[in-house]
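Asks: Need coordinates for the following:
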Amino acid sequence: MTTPPRRLDRIDIGILSQLQQNARITNADLARSVNLSPTPCFNRVRALEKLGLFKQQVTLLNPEPLGLRINVFIQVSLEKQVEDALTRFEQAISERPEVMECYLMTGDADYLLRVVMPDMQTLERFIVDHLTKIPGISNIRSSFALKQVRYKTALPLPSSGLTLVDPDDVSTDWR
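Replies: Numbering: from 1, shown residues only. Next up, the predicted model:
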């Protein structure tokens with residue numbers, strides 16, 4: 001038996017929006033920002049958490065003072081797009097701390113990576129010592145970000161509310 005879809009109202013959306021901007025906001029400040037008293041606000045946050053809407057809470061660091069000045073997008077093509085090759089590549093990439101994002105893609109390349117590096121020598125070592133050593137790679141192309149025009153972590157949320165999608169109800173069998 002499936003549960004009925006949960007509708008998030010404008011207050012829920014307000015709470016989520018505020019928490020996306022500042023996960024360390026106090027409950028009192030959060031409640032004030034969405035025009036609730038603290039107890040109902042706290043209860044709503046807990047209910048949203050139980051719905052699985054919070055993936056994790058993190059602190060976003062500034063890469064510049066840490067010496068991570070190079071932001072590189074790397075397209076990787078595999079010799080064959082078979083399950084073993086995909087799994088092997090994804091496992092190897094998941095072990096690399098400099099890989100910030102990795103996407104399985106459609107189009108010319110099989111994967112798109114975003115890596116951060118302090119300098120060109122470190123990038124060269126990453127490519128030569130790690131990336132090229134992963135079996136099954138046929139092509140590697142790099143593009144350097146000259147300037148970060150926009151970066152955000154907050155997801156777009158409709159102010160009027162929305163109905164949650166149950167991931168178990170979404171079909172992944174496209175045959």
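Asks: make it CA atoms for all contacts and neighbour counts henceforth
Replies: Noted.
Asks: which ones are touching the residue nearest to Asp9 when sequence neighbours are not counted?
Replies: Closest residue to Asp9 apart from its sequence neighbours, by C-alpha to C-alpha, 6 or more residues apart in numbering: Gly161 at 4.5 Å. Neighbour list for Gly161: 7-10, 12-13 [criterion: C-alpha atoms under 8 Å, 6 or more residues apart in numbering].
Asks: From the centre of this protein, give me the residue that's furthest out.
Replies: Ser37 (32.0 Å; C-alpha atoms, centre = their mean).
Asks: Quick check, Ala10 in contact with Ser160.
Replies: Wrong residue type there; residue 10 is Arg, not Ala. Yes - the pair Arg10 and Ser160 passes the contact test of C-alpha atoms under 8 Å, sitting 5.3 Å apart.
Asks: and Leu146, what element?
Replies: Take DSSP states H and E as the rule and Leu146 turns out to sit in neither a helix nor a strand.
Asks: how near is it to Val72?
Replies: With the distance defined as C-alpha to C-alpha, to the nearest Å, Leu146 ends up 9 Å from Val72.
Asks: What lies in contact with the helix or strand bottoming out on mean pLDDT in the chain?
Replies: Between all helices and strands in the chain, the lowest mean by mean pLDDT, DSSP states H and E belongs to strand 162-163, at a mean of 88. Defining contact as C-alpha under 8 Å, 6+ apart, one finds that strand 162-163 is touched by 5-9.
Asks: tell me the SS of Leu113?
Replies: strand (DSSP: H, G, I helix; E, B strand; the rest coil).
Asks: Quick check: it touching Glu98?
Replies: No - when contacts are counted by C-alpha under 8 Å, Leu113 is not listed as touching Glu98 (10.0 Å).
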